[in-house]
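[1] A predicted structure for the sequence below; I have some questions about it.
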Amino acid sequence: MPTNDLLVLVIEDETPIRRFLRASLAAEGYRVDEAASGEEGLKKAATQPPDLVILDLGLPGVDGQDVLRRLREWLTAPILVLSARDQEKQKVEALDAGADDYLTKPFGLGELLARMRTALRHAGPKPTEGTALQVGDLRIDVAARVVTLAGEPVHLTPLEYKLLVLLMRNAGKVLTHRHLLRDVWGPHDVHENHYLRVFVATLRRKVEPDPTQPRYILTEQGVGYRFAAD
């Protein structure tokens, strides 16, 4: 895959590693942006969505695992984790949170480049819709994690927010109970339909103009839910 138009965002707090990656990746034809903290990385990814992210887990401020989860709420580009954390549990947690691959420090440049090429080959097309979701008067700025209804802020719990983003990302599609439970609560709760009923009811009270006549979150009886596409 040609690399001359591909943007790699390096989120790493160690200056020598950032400099090494910038020089090495630039020599391979990649465009490189860098961030020294999780907060900075999230802002840069939102401003100019990268084609691939190289993410350190041991970041100051917002931890790398949190950065990974927040990026995965809207970013489809591959995320390759670089970390000194080499325990199997931490690797599994990163992969489950949405990482495409995991390299332990110290790492070899050749292996890193090979894994980048593999991740980019497997990646889907780069999205063009930006980082905002909007249907009617309901809008989500997914980078800032801000939800508004007719311009007024809507305060959601983390799970309510995750559920709403998932529904809006798939507007017009029927999402089954199992799909929603797996993606929001995890694989161990795929049969707990009562979780979903409670959260959908609460979400409707917060985002629907009339919760008794839903405009946005529609029930597909016995199957799941569909977010109205327009």
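    Nice, thanks for sending it over. Numbering: from 1, shown residues only.
[2] CA only for contacts and neighbour counts going forward, please
    Fine.
[3] isn't residue 209 right up against residue 215?
    Yes. Residue 209 is in contact with residue 215 according to Cα atoms under 8 Å; the separation is 7.3 Å.
[4] Against which helices or strands is the helix or strand bottoming out on mean pLDDT in the chain packed?
    Sorting the helices and strands of the chain by mean pLDDT, DSSP states H and E puts helix 88-96 at the bottom, at a mean of 79. Applying 3 or more Cα pairs under 8 Å, 6 or more residues apart in numbering; DSSP states H and E, one finds that helix 88-96 contacts strand 101-104.
[5] Please list all residues in contact with the residue nearest the centre of the chain.
    Centroid-nearest residue in the chain, with Cα atoms, centre = their mean: residue 72, separated by 1.2 Å. Residues near residue 72 by Cα atoms under 8 Å, 6 or more residues apart in numbering: 97-98.
[6] Give me the distance between it and residue 150.
    26 Å (Cα to Cα, to the nearest Å).
[7] Same check on residue 171?
    From residue 171 to residue 150 the distance is 19 Å (Cα to Cα).
[8] One more: residue 58?
    39 Å.
[9] re earlier: list the buried residues in the least confident helix or strand of the chain.
    For helix 88-96, the buried set under the neighbour-count rule, 16 or more other Cα atoms under 10 Å, comprises 91, 94-95.
[10] likewise stretch 153-162?
    Buried, per 16+ other Cα under 10 Å, within stretch 153-162: 154, 156, 160-162.
[11] so residue 80, which of the three states?
    strand (DSSP: H, G, I helix; E, B strand; the rest coil).
[12] Let me see the contact set for residue 7.
    So residue 7 contacts 30-33, 50-52 (Cα under 8 Å, 6+ apart).
[13] Next: residue 169.
    residue 133.
[14] Identify, from the buried residues of stretch 153-162, the entry nearest to residue 121.
    For the buried residues of stretch 153-162, the minimum distance to residue 121 (Cα to Cα) is 28.2 Å, reached by residue 162.
[15] Residue 67 - how many residues pack around it?
    Using other Cα atoms under 10 Å, residue 67 has 21 neighbouring residues.
[16] Residue 123: neighbour count?
    Counted with other Cα under 10 Å, residue 123 comes out at 15.
[17] is it true that it touches residue 75?
    No. Contact criterion Cα under 8 Å: residue 123 and residue 75 do not qualify, at 11.4 Å.
[18] returning to that earlier point: so which of the buried residues of stretch 153-162 sit within helices?
    Judged by DSSP state H, those include 160-162 as members of helices.
[19] Could I get the residues you listed in TSV, plus columns for pLDDT?
    Putting those into TSV (pLDDT from 0 to 100) gives the following:
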residue	pLDDT
160	92
161	93
162	90
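[20] Could you dump these into TSV with distance to residue 202 added?
    Converted to TSV, those look like this (distance: Cα to Cα, whole Å):
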residue	distance to residue 202
160	8
161	11
162	13
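[21] what are the ranges of the strands in the chain?
    In the chain, the segments counted as strands under DSSP state E are 7-11, 31-35, 52-56, 79-83, 101-104, 132-135, 138-141, 146-149, 152-153, 174-176, 217-220, 224-227.
[22] what does the second one rub up against?
    Just to be clear, that refers to strand 31-35. 4-13, 18, 22, 25-26, 41, 44.
[23] How about the shortest one?
    Strand 152-153 has contacts (Cα under 8 Å, 6+ apart) with 146-147.
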